[in-house]
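J.: prediction below, plus the sequence it came from.
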Amino acid sequence: VNIPSPTGETVAVTERYADYYRAAGLDVTLMNPVPNAPNMAAYLRGGRGGRTLQYDGHADVIALVETDEDGARRVVPVPHPPPKIADGVLTGRGAADMKGGLAIMAETARVFAEVGFPFDGALLFTTHGWHEAPVGFGQGIQALIRDGHVGDAALVAEGAHDFIPIAGRGMAIYNATISRDGEVLHENATPEGTPHPLFALGRLVGRIEALRGELAKRTHELVQPETVFVGQTHGGDFYNRYANIATVQGTRRWHPGRTFEAIRDEFGALVDKVAAETGCSIEVAWQLVRPSYVVAADDPIVDAARFAFRQVKGVEPRIGGFASVGDAATLTAEGGVPSLWFGPNAPGPHSNLESIALDEMVDRTRMFLAAAVGYFSEES
């Protein structure tokens, strides 16, 4: 946690993390598929043949995105109190999201390496950067998939500490730019009938709100209703100047079984109507953050997770869907690797005070160990 690692700058933390796996005796590979954010794959092999169980986590932490005068974007750290351990709790930027999870993965590897991995197959521990939106949207994990460093199933070391999520909504960020021809002028010097981007902005936001109401009726047995959200709007530069541009940005989340392309086209039809009604041009740029996905309830990785809950927690876990988006979606939908969120109870991700209790890290390490036993014992 003492090593800063905002999105796009994860070289130092990944190299330190790889050193830990090497010291534990694992076979470690570092790759650099995207700038300043190496991927790591560490293998612990048992007997010949068999399946590979992957434990995965991202090395980057949230960052602010600043735009220079030339339009170039750069990331800067989000302020946070200095890291510390006090009263059995670790605090610091990334403690919850998700360096606590990375430490749990590393301890799982160390324990199995120390006693010897007793099953046919292998454990694979992977980390990557470029996770946190808006500049990160899975570039690192996508590169791991392309390079073949994936398992037959995966557990992601964050989120969903008290149940097993087998489904998740997709998410994309939209950025709509509303514009008109001509310069910005005094209101009295602007010809009558000139399209007004701010009025178009208001109409577009109203249509998005109407869509939100319709989406609330789209239900799913595992996840929340579909949503569209307005996060920020901008327009105008002075109280009596006639604006020539405005923007609105937000998110769109959709159910498993629907595609990003269908979501994009649905929103595009709404935008086209507003453009025709107002005389403004409206261009929408999209960033797909994660696809929607679902894992079969009887998949071996689900059975392994349930086994871990019974062995360590003494309970039969609830099966459901997860509200947030992350790498389980990419691994499942794009990599064909059935994957589950399986992280510790770590309060405050993306907040001003991230934390994780050390006892919780020990408890979740036991869960990771038990899940491996359940996964490989099921096969044998």
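T.: Looks like it arrived, so ask away. Numbers count the residues shown, from 1 in each chain.
J.: isn't residue 353 up against residue 81?
T.: Yes: using CB atoms under 8 Å, residue 353 is in contact with residue 81, at 6.8 Å. For the C-beta atoms, the positions are set from N, CA and C on the backbone; glycine is no exception.
J.: what sits in contact with each of the two?
T.: Counting by CB atoms under 8 Å, 6 or more residues apart in numbering, the common neighbours of residue 353 and residue 81 are residue 91.
J.: which other helices and strands contact the longest strand belonging to the chain?
T.: Secondary structure of the chain per DSSP state E: the longest strand is strand 47-58. Other helices and strands packing on strand 47-58, by 3 or more CB pairs under 8 Å, 6 or more residues apart in numbering; DSSP states H and E, are helix 100-115, strand 120-128, helix 139-147, strand 153-156, helix 327-333, helix 358-379.
J.: next, format those as a markdown table and append mean pLDDT.
T.: Compiled in a markdown table, those are given as follows (pLDDT from 0 to 100):
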| stretch | mean pLDDT |
| --- | --- |
| helix 100-115 | 97 |
| strand 120-128 | 97 |
| helix 139-147 | 95 |
| strand 153-156 | 98 |
| helix 327-333 | 96 |
| helix 358-379 | 93 |
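J.: before we move on, the earlier item: and the angle for the longest strand of the chain with helix 100-115?
T.: 160 degrees (axes from the mean of the first three to the mean of the last three CA atoms, to 10 degrees).
J.: what residues sit buried inside strand 47-58?
T.: Buried positions in strand 47-58, judged by neighbour count with 16 or more other CB atoms under 10 Å: 50-58.
J.: repeat for stretch 364-380
T.: 364-376.
J.: and these, which is closest to residue 205?
T.: residue 364 (42.1 Å; CB to CB).
J.: hang on, residue 177 is in a strand, isn't it?
T.: Yes: inclusion of residue 177 in a strand is indicated when DSSP: H, G, I helix; E, B strand; the rest coil is applied.
J.: surely it touches residue 282?
T.: Yes: under the criterion of CB under 8 Å, residue 177 lies in contact with residue 282, with a separation of 7.1 Å.
J.: the two: which is more packed in?
T.: residue 282 (23 against 17; other CB atoms under 10 Å).
J.: surely residue 353 forms part of a strand?
T.: No: per three-state DSSP, residue 353 lies outside any strand segment and is coil.
J.: OK, contacts around it?
T.: When contacts are counted by CB under 8 Å, 6+ apart, residue 353 is found next to 80-81, 91.
J.: do residue 317 as well
T.: 162-164, 305-306, 309.
J.: now these: which count as buried?
T.: For the contacts of residue 317, a burial check counting by 16+ other CB under 10 Å picks out 163-164, 305-306, 309.
J.: taking the residues you listed, tell me the two that lie furthest apart.
T.: Within the buried ones among the contacts of residue 317, two members stand farthest from each other by CB to CB: 163 and 306, at 10.5 Å.
J.: still on that earlier bit, return the subset of the contacts of residue 317 lying in helices.
T.: Within the contacts of residue 317, residues falling in helices by DSSP state H are 305-306.
J.: now, among the contacts of residue 317, which is nearest to residue 143?
T.: Distance from residue 143 was checked for each of the contacts of residue 317 by CB to CB. The minimum falls on residue 305, at 26.2 Å.
J.: distance check, that closest one against residue 42.
T.: When distance is defined by CB to CB, to the nearest Å, residue 305 is 22 Å away from residue 42.
J.: end-to-end on stretch 17-36?
T.: 15 Å (CA to CA, to the nearest Å).
J.: just say helix, strand or coil for residue 137.
T.: Taken by three-state DSSP, the conformation at residue 137 corresponds to coil.
J.: so who does it touch?
T.: Remark: with contacts taken as CB under 8 Å, 6+ apart, residue 137 is in contact with 130, 287-290.
J.: weed out the non-buried ones from those.
T.: In those, burial by neighbour count holds for 130, 289-290, counting by 16+ other CB under 10 Å.
J.: strands paired with the longest strand of the chain, and their directions?
T.: strand 120-128 (parallel), strand 153-156 (parallel) (DSSP bridges).
J.: looking at the helices and strands packed on strand 47-58, which is nearest to residue 238?
T.: Smallest distance to residue 238 across those (CB to CB): 39.4 Å, for helix 139-147.
J.: what's in contact with the closest one?
T.: 31, 33-34, 37, 39, 41, 56, 58, 126, 128-131, 150, 327, 330-331, 334-335, 337.
J.: one more pass at 6 Å, please.
T.: Outside of helix 139-147, the residues that reach it under the criterion CB atoms under 6 Å, 6 or more residues apart in numbering are 33-34, 37, 39, 126, 128-130, 327, 330, 335.
J.: could you check it and say which residues are buried?
T.: By neighbour count with 16+ other CB under 10 Å, helix 139-147 contains the buried residues 139-145.
J.: export those to TSV and tack on distance to residue 3?
T.: Compiled in TSV, the buried residues of helix 139-147 are given as follows (distance: CB to CB, whole Å):
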residue	distance to residue 3
139	21
140	17
141	21
142	24
143	22
144	21
145	26
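J.: returning to what we had before: residue 242: which of the contacts of residue 353 is nearest?
T.: Minimum distance to residue 242 across the contacts of residue 353 is 42.4 Å, recorded for residue 80 (CB to CB).
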